[in-house]
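# structural data only, the sequence is not supplied:
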């Protein structure tokens, strides 16, 4: 086993052999296998944003198999999706790509300022489909955050008892925050800490801005001179906030960008800040397959050190 992968597995010594085996499968799969970095394809946008907004720009992406094939051909670390998409292809692509089943989902047909996702799948579904883990979204800042924290804790406990890894999408949102505050450095770092404390093995957050949302936090940042001037600085601080980097934090690719260089600049900042990788959906599957694979390969080469 690669030294870096062994080091990371050592951070999860409280877990059982089944969970550690699935975590090792994830860490050793694909182009970045054994390097301690991950690039994951998430395709929950059809549920979260609607099919036309997600797939009309690249119609082959309406087909569930398209995303399995993209993740496999690009040699990604894993593929994450809701129940329907995974059920539609898990048997056809069995054993070819580690899968993460997204257990809750939220739609935009009802504009809820304090979101609460519906639980749409189970740990038993993940086991039936051969997944390495389950994913779950929490919204720190929502009036319903306590409910989501309790749901994730219970799901993470069941997943671990079943030998699966627990992945937390920790996305600040709700009436407790301003729009700018959703990606504020203090809030994103707090979201990473919350996910780690709830027992997540892998934490997904958005890239943070230099804005500081909480007045009391701002005093501390200014007094202690926490470096947040560059995106790499902010990534480093978020990673530090997840048990001093002993929980893997990966960063969202965000909304689709036409300019590949804008995506790659963010990847360099994640790399330089010690982030564990990227979970990139719309910036991959909304491109033509050949273009997506080209971009994903460049991303992985940046993480591997083959490309600056």
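Received, thanks. Since this is a predicted model, take the numbers as computed values, not measurements.

# would you map the helices across the stretch 101-250 of the chain?
Using DSSP state H, counting those that start in this stretch, the helices of the stretch 101-250 of the chain run over 123-129, 145-161, 185-197, 215-224, 231-241.

# now the fourth one against helix 231-241, angle please.
So the one you mean is helix 215-224. 110 degrees (axes from the mean of the first three to the mean of the last three CA atoms, to 10 degrees).

# leaving out chain neighbours, which residue sits closest to the spatially most central residue of the chain?
Residue closest to the mean C-alpha point of the chain, counted by CA atoms, centre = their mean, is residue 204 at 3.4 Å. Using CB to CB, 6 or more residues apart in numbering and skipping the chain neighbours, the partner closest in space to residue 204 is residue 169 (4.8 Å). Glycine gets a C-beta too; all of them are placed from N, C-alpha and C.

# what's the answer for residue 307, then?
Per CB to CB, 6+ apart, closest to residue 307 is residue 301, 3.8 Å.

# that neighbour - how many residues pack around it?
Using other CB atoms under 10 Å, residue 301 has 16 other residues around it.

# quickly find the element holding it.
Taking DSSP states H and E as the criterion, residue 301 maps to helix 289-304.

# what helices or strands is that helix leaning on?
Judged by 3 or more CB pairs under 8 Å, 6 or more residues apart in numbering; DSSP states H and E, the packing partners of helix 289-304 are strand 38-42, helix 64-73, helix 260-272, helix 282-285.

# let me have those in TSV, adding mean neighbour count, mean pLDDT and distance to residue 221 as columns.
Output for the helices and strands packed on helix 289-304, formatted as TSV (neighbours: other CB atoms under 10 Å; pLDDT from 0 to 100; distance: least, CB to CB, whole Å):
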stretch	mean neighbour count	mean pLDDT	distance to residue 221
strand 38-42	26	98	29
helix 64-73	20	98	38
helix 260-272	18	97	19
helix 282-285	24	96	30
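
# list just the one of these that sits closest to residue 144.
strand 38-42 (22.2 Å; CB to CB).

# tell me the most buried of the helices of the stretch 101-250 of the chain?
helix 185-197 (a mean of 24; mean count of other CB atoms under 10 Å).

# which stretches of the protein have low pLDDT?
1 (pLDDT under 70).

# give me the outermost residue of it relative to its centroid.
Farthest-from-centroid check, the chain (CA atoms, centre = their mean): residue 223, 31.6 Å.

# my guess is residue 300 contacts residue 35. True?
No: contact criterion CB atoms under 8 Å: residue 300 and residue 35 do not qualify, at 9.2 Å.

# so for those two, which sits in the more crowded spot?
residue 300 (25 against 19).

# related to what we said a few turns ago, got TSV for the helices and strands packed on helix 289-304, with distance to residue 195 too?
TSV is the format used below for the helices and strands packed on helix 289-304 (distance: least, CB to CB, whole Å):
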stretch	distance to residue 195
strand 38-42	16
helix 64-73	24
helix 260-272	17
helix 282-285	22
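
# and those: which comes nearest residue 147?
Comparing the helices and strands packed on helix 289-304 under CB to CB, the one sitting nearest is strand 38-42, at 23.0 Å.

# give me the packing partners of that closest one, helices and strands only.
In terms of contacts (3+ CB pairs under 8 Å, 6+ apart), strand 38-42 is packed against helix 64-73, strand 78-81, strand 248-252, strand 277-279, helix 289-304.

# report the beta-bridge partners for residue 277.
Bridge pairing for residue 277 (DSSP bridges) gives the partners residue 38.
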